[in-house]
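J.: sequence-free structure coming up:
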């Protein structure tokens, strides 16, 4: 079993990202830029192609795993994407209002904690709860990355550009992602 001081050390060393201005509150984060995901060359090429045409896939994965984090943290935290290029997944604290809507709490996670002395007034169960929240966040993000890699391994991206009407009309992009999964071939279509 991990000791209190080891939990505190891991909490303090966890990567954090600012929720607003660089000097503001920070929360747990993972850098999910394509070049940081340990992808094969083929997966990396597919990732850039897929993400250039299909933002719905990114939103689908974030929402799916955000729900998982909500379940693991008693509906207290969910995932959000931050950074100029959307390269960081951060853990955001939320509160549910009586009408079911959410309020985002930008307090950060262990914001301002810089050394073990910051935990002196904490009971052991509070340290363990914070540590388990960090583990839940890491587990959920690992699962999201694994699913993204699986999609990249088993899917092909085919793009068609279709012009309708006169030259002044809009172009419609249809992106078909063909997934060869164990259950057979599935066709996922997204329209923009």
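T.: Received it, and whenever you're ready, just let me know what you need. Model, not experiment: these values are computed from the prediction.
J.: Tell me, how many residues neighbour the nearest residue to residue 87 once chain neighbours are set aside?
T.: Nearest residue to residue 87 in three dimensions, chain neighbours excluded: residue 33, at 3.9 Å (CB to CB, 6 or more residues apart in numbering). Heads up, the C-betas are built off the backbone N, CA and C, glycines and all. Residues lying near residue 33 (other CB atoms under 10 Å) number 11.
J.: other SSEs contacting the helix or strand hosting residue 95?
T.: Per DSSP states H and E: residue 95 is located in strand 88-96. With contacts defined as 3 or more CB pairs under 8 Å, 6 or more residues apart in numbering; DSSP states H and E, strand 88-96 has these neighbours: strand 26-31, helix 55-72, strand 77-82, strand 102-105, helix 124-154.
J.: now what about that strand, what contacts it?
T.: With contacts defined as CB atoms under 8 Å, 6 or more residues apart in numbering, strand 88-96 is touched by 17, 19, 27-32, 62, 69-70, 75-82, 102-109, 133, 137, 141, 144.
J.: For PyMOL, write the selection for the buried entries among these.
T.: Here is the PyMOL command that selects the buried residues among the contacts of strand 88-96 (16 or more other CB atoms under 10 Å):
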select buried, resi 17+19+27+28+29+30+32+62+69+70+76+77+78+79+80+82+108+109+133+137+141+144
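J.: Next, residue 85: phi, psi?
T.: phi -110, psi 10 (degrees, to the nearest 10).
J.: what's the spacing between the residue nearest to it when sequence neighbours are not counted and residue 84?
T.: Spatial nearest neighbour of residue 85, excluding adjacent residues (CB to CB, 6+ apart): residue 33 at 7.0 Å. The gap separating residue 33 from residue 84 is 11 Å, by CB to CB, to the nearest Å.
J.: Could you take the helices and strands packed on strand 88-96 and lay them out as TSV, with extra columns for distance to residue 49 and mean pLDDT?
T.: Output for the helices and strands packed on strand 88-96, formatted as TSV (distance: least, CB to CB, whole Å; pLDDT from 0 to 100):
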stretch	distance to residue 49	mean pLDDT
strand 26-31	21	91
helix 55-72	12	86
strand 77-82	19	90
strand 102-105	32	86
helix 124-154	10	92
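J.: For the ones you listed, could you give me JSON lines that also reports distance to residue 88?
T.: Output for those, formatted as JSON lines (distance: least, CB to CB, whole Å):
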{"stretch": "strand 26-31", "distance to residue 88": "5"}
{"stretch": "helix 55-72", "distance to residue 88": "12"}
{"stretch": "strand 77-82", "distance to residue 88": "5"}
{"stretch": "strand 102-105", "distance to residue 88": "16"}
{"stretch": "helix 124-154", "distance to residue 88": "10"}
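J.: can you tell which of these is closest to residue 118?
T.: Proximity to residue 118 (CB to CB) singles out helix 124-154 among the helices and strands packed on strand 88-96, at 10.8 Å.
J.: could you give the angle of that closest one to strand 26-31?
T.: Counting by axes from the mean of the first three to the mean of the last three CA atoms, to 10 degrees, helix 124-154 lies at 30 degrees to strand 26-31.
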